[in-house]
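A.B. asks: Coordinates only, no sequence provided:
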């Protein structure tokens, strides 16, 4: 992850403990805590989560995500960058 | 080499790609949802009784799916021979196994529905637009045309299957839904491979978009007609149909092929 080098951050990133079993079973067991199923439009994402636009799986990180961070979606093998959408929400865009 | 899982998002791209394109990654991934599921379903999942109309519709739908799976099985196995690098060849080898399994579980489900020789009859029952699409795909493969093959198979066909199976699961009987759920999990890898492989190529060779747009223009009518027919068969209301094609449209937009 690269962080958000441009922003003058006034606080450190929050850390998150990733539960071992999210019920997601599509990647090797040691990586499962980094992913969970998306429950559709009403599914509120946590500050350490972002939705993969390619395969619609929720990607999780052990720390709060900021614009500029890089995350990987293992289920569809995509490299993504976290961006702030016009709506203010964090989104992921594919970086081939 | 596998890196520390705690550093998942911190690894470099090349190491990530090496791992996710490996047979080892594939094996450990499918083990999570296929172990203990003969023919893609839990052994205690009952075989439901379906009325005649529903049974017939399901036979026709599964027959169409079988054509898609055979196309992808023949397509991905043929593509191994001219894939541009070893990781792509290995990934395609895993896709071949996935597609073979999909075909097998679908034929098995057709057998459960009382179809006596499913293998001999599914093509006659299937959608003609998808048959035409399959012929186009296999022509690209026979010509060893990597870009066209990846686009037709892993972006167009796989997106179409992903959306169709996802939609079908909402109304399918529990046994069929469970089987489709396992297939859907494989499809994530296939669509991701296609989009990312093409995306990397187009970043280096943006001029290739012109040709892919042409291919898209030729194949879109077949794809859309196949979609329409399948959704009609599944009884999905017209109002919900644009949602189903969204995955494909989003993918081609990200690749810059939508104009």
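C.D. replies: Thanks, I have the structure now. Just so it is clear, the model here is predicted, and its values are computed rather than measured.

A.B. asks: got the contact list for residue B:20?
C.D. replies: When contacts are counted by CB atoms under 8 Å, 6 or more residues apart in numbering or on different chains, residue B:20 touches A:74, A:77. All C-beta spots, glycine's among them, are computed from the backbone N, C-alpha and C.

A.B. asks: Can you pull up the most central residue in chain B?
C.D. replies: In chain B, the centroid-proximal residue (CA atoms, centre = their mean) is residue B:158; its distance is 3.3 Å.

A.B. asks: helix, strand or coil for that residue?
C.D. replies: Secondary structure for residue B:158, judged by DSSP: H, G, I helix; E, B strand; the rest coil, is helix.

A.B. asks: What distance do you get for it to residue A:44?
C.D. replies: 29 Å (CB to CB, to the nearest Å).

A.B. asks: max-length helix in chain B?
C.D. replies: Identified as the longest helix of chain B according to DSSP state H is helix B:174-204.

A.B. asks: same for the following helix or strand past that one, what does it pack against?
C.D. replies: Tracing the chain C-terminally past helix B:174-204 and defining elements by DSSP states H and E, one meets helix B:208-234 next. The contact analysis (3 or more CB pairs under 8 Å, 6 or more residues apart in numbering or on different chains; DSSP states H and E) places helix B:208-234 against helix B:52-80, helix B:128-142, helix B:146-150, helix B:158-171, helix B:174-204, helix B:241-244.

A.B. asks: Format those helices as a markdown table; extra columns: mean pLDDT and distance to residue B:9.
C.D. replies: Output for the helices and strands packed on helix B:208-234, formatted as a markdown table (pLDDT from 0 to 100; distance: least, CB to CB, whole Å):
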| stretch | mean pLDDT | distance to residue B:9 |
| --- | --- | --- |
| helix B:52-80 | 94 | 29 |
| helix B:128-142 | 95 | 35 |
| helix B:146-150 | 98 | 26 |
| helix B:158-171 | 89 | 25 |
| helix B:174-204 | 97 | 16 |
| helix B:241-244 | 68 | 30 |
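
A.B. asks: what about the longest helix of chain B and chain A, touching?
C.D. replies: Yes. Counting by CB under 8 Å from any CB of the partner chain, chain A has neighbours in helix B:174-204: B:185, B:188-189, B:191-193, B:195-196, B:199-200, B:202-203.

A.B. asks: again with stretch B:40-51
C.D. replies: No. Applying CB under 8 Å from any CB, one finds stretch B:40-51 out of contact with chain A, separated by at least 13.2 Å.

A.B. asks: Tell me the spacing between the residue nearest to the centre of chain B and residue A:89.
C.D. replies: Applying CB to CB, the value for residue B:158 to residue A:89 is 28 Å.

A.B. asks: before we move on, the earlier item: I'd like the residues of helix B:174-204 next to chain A written out as a markdown table, with neighbour count added.
C.D. replies: Shown next, in a markdown table, are these (neighbours: other CB atoms under 10 Å in any protein chain shown):
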| residue | neighbour count |
| --- | --- |
| B:185 | 21 |
| B:188 | 24 |
| B:189 | 28 |
| B:191 | 27 |
| B:192 | 25 |
| B:193 | 27 |
| B:195 | 29 |
| B:196 | 22 |
| B:199 | 19 |
| B:200 | 15 |
| B:202 | 18 |
| B:203 | 11 |
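
A.B. asks: Among those residues, which pair sits farthest apart?
C.D. replies: B:185 and B:203 (28.1 Å; CB to CB).

A.B. asks: how near is residue A:31 to chain B?
C.D. replies: Separation of residue A:31 from chain B (CB to the nearest CB, to the nearest Å) stands at 6 Å.

A.B. asks: tell me, how many neighbours does that residue end up with?
C.D. replies: Applying other CB atoms under 10 Å in any protein chain shown, we find 21 residues neighbouring residue A:31.

A.B. asks: ok, now which ones touch the nearest residue to residue B:130 once chain neighbours are set aside?
C.D. replies: Leaving aside its chain neighbours, residue B:130 sits nearest to residue B:226 (4.5 Å; criterion: CB to CB, 6 or more residues apart in numbering or on different chains). The neighbours of residue B:226, taking CB under 8 Å, 6+ apart as the test, are B:64, B:127, B:129-130, B:133, B:160.

A.B. asks: Recalculate using a threshold of 10 Å.
C.D. replies: Residue B:226 makes contacts with B:64, B:67-68, B:126-133, B:157, B:160, B:164, as judged by CB atoms under 10 Å, 6 or more residues apart in numbering or on different chains.

A.B. asks: Also residue B:145?
C.D. replies: B:79, B:82, B:139, B:151-152, B:211, B:215.

A.B. asks: Now do the contacts for residue A:85.
C.D. replies: With CB under 10 Å, 6+ apart, residue A:85 has these contacts: A:67, A:91-93.

A.B. asks: So how do I select the buried members of these in ChimeraX?
C.D. replies: Applied in ChimeraX, the following selects the buried portion of the contacts of residue A:85 according to 16 or more other CB atoms under 10 Å in any protein chain shown:
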select /A:91,92
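
A.B. asks: which one of the contacts of residue A:85 sits closest to residue B:16?
C.D. replies: Using CB to CB, residue A:92 is the member of the contacts of residue A:85 that sits closest to residue B:16, with 15.0 Å.
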